[in-house]
Structures are given as structure tokens and as C-alpha cells.
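Participant: quick one: sequence plus predicted model below, questions after.
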Amino acid sequence: MKQVNMLEAKTDLSRLVRLLETGQEEVILIARNGMPVVQMTLAQKKSVNRRIGVAKGKFTVPDAFDQWDKEIEDMFGGAI
């Protein structure tokens, strides 16, 4: 765990982030007047969900799903 003061964090932010990215440091504390106030760590990577089929099995389409199609079609001026 590395501790730096506020001025060093402002001037060397890129270097500090690189230390986290490369695994040289796991946590960097930023201090004000010698007292740690901020803890920097790597953000957790979000898992990528598949978009197609993501709701498969979550719900079922009712049998009467299409019952209003003709009525709505007529309201908007006929067939598309």
C-alpha cells in the first residue's frame, strides 16, 4: 500500500494509475496533511452479458398476445 500527498497525486496521477494497472500496487492512499482521505483501487470489471437471449426463460408470451393487432392496425389507417 502506497501513500502519497495531495500534491503528488495531482501531479503524478497517470503514474499512480499505472502502478495500479500493472499490479505494482493494489491500493494507493491519498493523504491531506498526513491523514489518508482517499483510497484508490482498480475499478471492478463489469461482466459482459450476452444481449441476445438474455431474457430466455424469464417470461412467456400469452396465447392472446396478437388479439388486438387488427384493431390497432385499423386505428392507424390499415395495413403497413
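Facilitator: Now that the structure is in, tell me what you want to look at.

Participant: go ahead and report the secondary structure state at the residue most central in space within the chain.
Facilitator: By C-alpha atoms, centre = their mean, the mean C-alpha position of the chain lies nearest to K46, the distance being 5.9 Å. Secondary structure for K46, judged by DSSP: H, G, I helix; E, B strand; the rest coil, is coil.

Participant: what helix or strand is the residue lying closest to L42 once chain neighbours are set aside on?
Facilitator: Sequence neighbours aside, L20 is the residue nearest to L42 in space, at 5.1 Å (criterion: C-beta to C-beta, 6 or more residues apart in numbering). Any C-beta I mention is one placed from the backbone N, CA and C, and that applies to glycine too. Element membership for L20 (DSSP states H and E) is helix 13-21.

Participant: for the next helix or strand after that helix, packing partners?
Facilitator: Later in the chain than helix 13-21, the nearest helix or strand by DSSP H and E is strand 28-32. The contact analysis (3 or more C-beta pairs under 8 Å, 6 or more residues apart in numbering; DSSP states H and E) places strand 28-32 against strand 2-5, helix 6-11, helix 13-21, strand 35-40.

Participant: give me the distance between the residue nearest to L42 and E8.
Facilitator: Taken as C-beta to C-beta, to the nearest Å, the spacing of L20 relative to E8 amounts to 15 Å.

Participant: same thing with G34?
Facilitator: In this view, G34 and E8 are 13 Å apart by C-beta to C-beta.

Participant: these two: who's more crowded?
Facilitator: E8 (14 against 7; other C-beta atoms under 10 Å).

Participant: can you report how many residues lie near D12?
Facilitator: Using other C-beta under 10 Å, D12 has 13 neighbouring residues.

Participant: and if you look at I28?
Facilitator: Residues near I28, counting by other C-beta under 10 Å: 19.
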